[in-house]
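S.K.: Everything below, folded, please.
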Amino acid sequence: MKETALKTLVAGLALLVFLSLSARRAARVFPIRPGVAVAITEGEIPAGGALYNELLRDISVNESLQVSRALGEIYNIRRIRPGDAYSIYHTTDGVVLKFIFDPDPMINYVLERSSEGLAGYEEIPEFEERTVLLKGVIESSLYAGLAGSEITDPATIMRFADIFQWQMDFLTEVRAGDQFKLVFTKFYVDNKPVKYGRILVAEYSGKRGNYQAVNFQDRDYPDYYDLDGNSLRKQFLRAPLEYKRISSHFSRTRMHPIHRVVRPHLGIDYAAPSGTPVSALGDGRVTFVGWRGGYGNTVRIRHNQTYTSQYGHLRGFARGLKVGQTVRQGELIGYVGMTGTATGPHLDFRFEVNGVPVNFLTQNLPSAENISAANLSSFKERVLEVREYLDLLEDDFFLANPATIEEFRTYQEELALSQTEL
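M.R.: Residues are numbered from 1 along each chain as shown. Now for the predicted structure:
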């Protein structure tokens, strides 16, 4: 159950303070009856809770409906999740004057009372983006190593693993004593860290090999390259989903489980629970979305003049997916189902080379595009900056200690001063 902090303010002064909280809005004064105060109630959406039900703890049904409807005009309330914070500024007789919804520290959704009711707008707080450096040593797993080095954001740990997913299997190939280095951005509001940003530089050194990555925007989007400008990505993912097992392999002589006749199965069946997200195997353009006979709900993607992939038996498609749309590698395109001719939930995945179905698991997958000649000079300049970061990370100051360069310089100055005094 949420904890609420109720602060009762003197009516006249509190209202003026409250109405001036937003620098973007003109201060407006509304009459308050004698003896009626303004209160601030703060809370979070609990697990299994709903915003409307939480509001009823502090305000009336009518006011709760007004807040929910007004918020819905500026924010998709279906995206509300447990832990999302909110604040209600209301009179002690139940009139909402201001409501702040805070699902993300980088943006607030604000409702304010006017003569026409509650009006909403987005409010972006002033923030500072800082570059943070870190290094560490693996004792058991990558996740434990990064988490033990004060990385508190699971998504950042997963992004690190994703960068090297074609070079390393972090589930089976990690060894105690392996080392990592990391340069990433972090956002601060009022000098307090509120959100992790991009990974700018990553390095992993171990028995499996030594790998370095730099984030650089070459074409239409940023990607990761080694220090020579070679892409770290393969052109295609190892699989288009997280699956439990392969229930049927590529075969030219498979006994069909429903029709009970021997016929070719020119694809791979990935068994997974219904609703499991399915991702685009690689960058490409959608050429088909819809019903395709025995395949049921199907998506086809043409990746280039050579490669095409197909995803069948889907329960449904990603919202807005349509023919002609460009998709990125790993982008959601649908969900595992059992539409069409299927005995259970699975993804029927097919891969074609020059229009001919092939066994995807036996293909020698090409790498993604390397740095273009047009941007090679800019990339080399970026690499010089990266090498400076990596040189700084040789210092044990950053060992399991995420810190900015400024903090490192201050540490050096204090260390030099202490040595001088000795």
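
S.K.: where does the stretch 151-300 of the chain dip in pLDDT?
M.R.: Along the stretch 151-300 of the chain, segments meeting pLDDT under 70 span 244, 252-263.

S.K.: all helices for it, in order.
M.R.: 154-163 (DSSP state H, counting those that start in this stretch).

S.K.: what do you get for the stretch 301-422 of the chain?
M.R.: Taking DSSP H, counting those that start in this stretch as the criterion, the stretch 301-422 of the chain carries its helices at 376-392, 405-421.

S.K.: do you know which of the ones you listed lies nearest Asp84?
M.R.: Closest to Asp84 of the helices of the stretch 301-422 of the chain is helix 405-421 (CB to CB; 31.5 Å). For every residue, glycine as well, the C-beta is placed using N, CA and C.

S.K.: For the closest one, list the C-alpha coordinates in CSV.
M.R.: The C-alpha trace of helix 405-421 is given here as CSV (Å, rounded to 0.1, in the frame of the first residue of the first chain):
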residue,chain,number,x,y,z
ILE,A,405,36.5,12.8,-15.4
GLU,A,406,36.0,15.8,-13.2
GLU,A,407,35.7,13.6,-10.1
PHE,A,408,38.9,11.9,-11.2
ARG,A,409,40.7,15.2,-11.7
THR,A,410,39.6,16.3,-8.2
TYR,A,411,40.9,13.0,-6.8
GLN,A,412,44.2,13.5,-8.4
GLU,A,413,44.5,17.1,-7.1
GLU,A,414,43.7,16.0,-3.6
LEU,A,415,46.1,13.1,-3.8
ALA,A,416,48.9,15.4,-5.0
LEU,A,417,48.1,17.9,-2.2
SER,A,418,48.2,15.2,0.4
GLN,A,419,51.6,14.0,-0.9
THR,A,420,52.9,17.6,-0.8
GLU,A,421,51.9,18.1,2.8
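
S.K.: just to revisit the earlier point, ok, which of the helices of the stretch 301-422 of the chain comes nearest Ile77?
M.R.: Across the helices of the stretch 301-422 of the chain, Ile77 has its closest neighbour in helix 405-421 (40.3 Å, CB to CB).

S.K.: what does the closest one rub up against?
M.R.: With CB atoms under 8 Å, 6 or more residues apart in numbering as the test, helix 405-421 has contacts from 131, 133, 392, 395, 397-398, 403.

S.K.: same thing with stretch 383-396?
M.R.: 133-135, 181, 183, 200-201, 203, 212, 214, 227, 398, 405, 408.
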